[in-house]
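In: Below is the sequence, then the predicted model.
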Amino acid sequence: MTRILAIVNQKGGVGKTTTAVNMATALAAVGKKVLLIDFDPQGNASTGLGIEPSARKITSYHMLINGLPANEATLETMIPRLHIVPSNIDLSAAEIELVSMEQREFLLKRSLEKSSLNYDYVMIDCPPSLGLITLNALTAAHSVLIPLQCEFYALEGLSHLLKTIKLIQGNLNPNLTIHGVVLTMYDKRNKLTEHIENDVRGFLGDVVYETVIPRNVRISEAPSHGKPALIYDLQCAGSKAYLKLAKELIKREKNLSRLVAA
Ligand SMILES: Nc1ncnc2c1ncn2[C@@H]1O[C@H](COP(=O)(O)OP(=O)(O)O)[C@@H](O)[C@H]1O
Ligand SMILES: [Mg+2]
């Protein structure tokens with residue numbers, strides 16, 4: 001069965017795309033078949049996997065707005081077993097076009113259902129908002145993966161996100177679960193990091209993955225080379241952390257906690 005994971009946080013710059021690209025790569029590296037859907041008009045996930053702008057003729061926009069079946073929008077990447085549906089700035093128009101469309105929250109789900117998907121995982125890299133594009137991802141997904149940066153306002157944004165997820169569970173997608181929260185750009189020398197970590201773990205318990213992703217310069221260098229960190233430098237601390245997180249994610253699959261949002 002294909003597991004569909006939406007990578008969501010309405011804040012920008014918290015590590016959604018980095019997590020999407022490197023988790024997709026790590027899962028492919030351990031033998032899983034993975035489709036990464038770039039669902040952000042900025043197209044960072046496409047760039048991070050080396051997809052040239054000229055190769056982005058068919059994009060996630062066409063899945064959403066034209067009802068194109070997912071399997072007709074996929075491209076191969078440099079990584080065996082990892083495919084991508086790219087995106088570009090066209091997708092920014094979708095947020096407005098969707099408003100007047102029928103079944104506007106279900107369009108990504110329909111596109112994914114139109115063809116039988118030969119993937120273990122579909123990962124959706126969402127934009128930094130809780131607009132209709134993200135709602136489409138949350139409606140299509142089995143579960144949500146939330147990257148959280150250890151900083152002062154993190155918890156405030158998180159409770160808003162949890163409320164939104166609860167609303168989706170009540171209306172659009174009753175079976176949606178929270179797969180987990182991953183602490184990103186973790187800096188163990190920073191006292192605030194430790195403080196936020198204690199708060200988040202105290203609040204959410206086991207929902208927070210044991211694995212944390214350290215702040216690591218190799219991770220931030222990799223996208224400018226059009227490569228996931230795991231390909232750019234497999235030995236760096238960031239790559240090792242994403243591999244560890246992939247293993248934790250697979251292990252957790254069997255026992256997903258259904259979070260009752262506060
Ligand atoms: N663990 C990390 N260590 C260092 N830099 C990181 C790390 N994770 C992300 N970054 C950098 O932080 C910025 C924002 O990350 P990104 O994944 O694009 O966030 P989002 O998709 O949530 O907007 C990018 O420049 C990225 O390279
Ligand atoms: Mg992003």
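Out: Yep, it's here. Ligands and ions are numbered 1, 2, ... in the order given.

In: from here on, contacts and neighbour counts on C-alpha atoms
Out: Will do.

In: how about low-confidence regions in the stretch 1-150 of the chain?
Out: By pLDDT under 70, the stretch 1-150 of the chain contains no weakly predicted segment.

In: mind checking the end-to-end distance for stretch 121-132?
Out: 23 Å (CA to CA, to the nearest Å).

In: Can you give me every residue that contacts residue 113?
Out: Going by CA atoms under 8 Å, 6 or more residues apart in numbering, residue 113 touches residue 69.

In: And the strands in this protein?
Out: Taking DSSP state E to define them, one finds strands in the chain at 3-7, 34-38, 75-76, 82-85, 121-125, 143-149, 177-184.

In: now the ones you listed in JSON lines, with mean neighbour count and distance to residue 204?
Out: Shown next, in JSON lines, are those (neighbours: other CA atoms under 10 Å; distance: least, CA to CA, whole Å):
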{"stretch": "strand 3-7", "mean neighbour count": "23", "distance to residue 204": "18"}
{"stretch": "strand 34-38", "mean neighbour count": "28", "distance to residue 204": "27"}
{"stretch": "strand 75-76", "mean neighbour count": "16", "distance to residue 204": "37"}
{"stretch": "strand 82-85", "mean neighbour count": "26", "distance to residue 204": "31"}
{"stretch": "strand 121-125", "mean neighbour count": "26", "distance to residue 204": "23"}
{"stretch": "strand 143-149", "mean neighbour count": "25", "distance to residue 204": "12"}
{"stretch": "strand 177-184", "mean neighbour count": "23", "distance to residue 204": "9"}
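
In: got the phi/psi numbers for residue 176?
Out: Backbone geometry at residue 176, expressed as degrees, to the nearest 10, gives phi -60, psi 130.

In: count of residues packed around it?
Out: 22 (other CA atoms under 10 Å).

In: I'd guessed it sits against residue 135; true?
Out: No: at 12.0 Å, residue 176 and residue 135 do not qualify as touching, with contact defined as CA atoms under 8 Å.

In: How about the residues of the stretch 1-150 of the chain by ligand 1?
Out: Proximity of the stretch 1-150 of the chain to ligand 1 (CA under 6 Å from any ligand atom) is limited to residues 12, 13, 14, 15, 16, 17, 18.

In: Report the buried members of these.
Out: For these, a burial check counting by 16 or more other CA atoms under 10 Å picks out 14, 15, 16, 17, 18.

In: Could you report the separation of residue 187 from ligand 1?
Out: 9 Å (CA to the nearest ligand atom, to the nearest Å).

In: Which residues are in contact with that residue?
Out: So residue 187 contacts 193, 214, 215 (CA under 8 Å, 6+ apart).

In: please redo it, this time with the cut-off set to 10 Å
Out: By CA atoms under 10 Å, 6 or more residues apart in numbering, residue 187 lies in contact with 150, 193, 194, 212, 213, 214, 215, 216.

In: Redo those as a markdown table? Include neighbour count.
Out: What follows is the contacts of residue 187, written out as a markdown table (neighbours: other CA atoms under 10 Å):
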| residue | neighbour count |
| --- | --- |
| 150 | 23 |
| 193 | 19 |
| 194 | 16 |
| 212 | 21 |
| 213 | 23 |
| 214 | 19 |
| 215 | 16 |
| 216 | 15 |
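
In: and the residues you listed, which two are the farthest apart?
Out: The largest separation in the contacts of residue 187, counting by CA to CA, is between 194 and 216 at 17.1 Å.

In: Could you verify my assumption that residue 229 touches residue 235?
Out: Yes: between residue 229 and residue 235 there is a contact under CA atoms under 10 Å: 9.4 Å.
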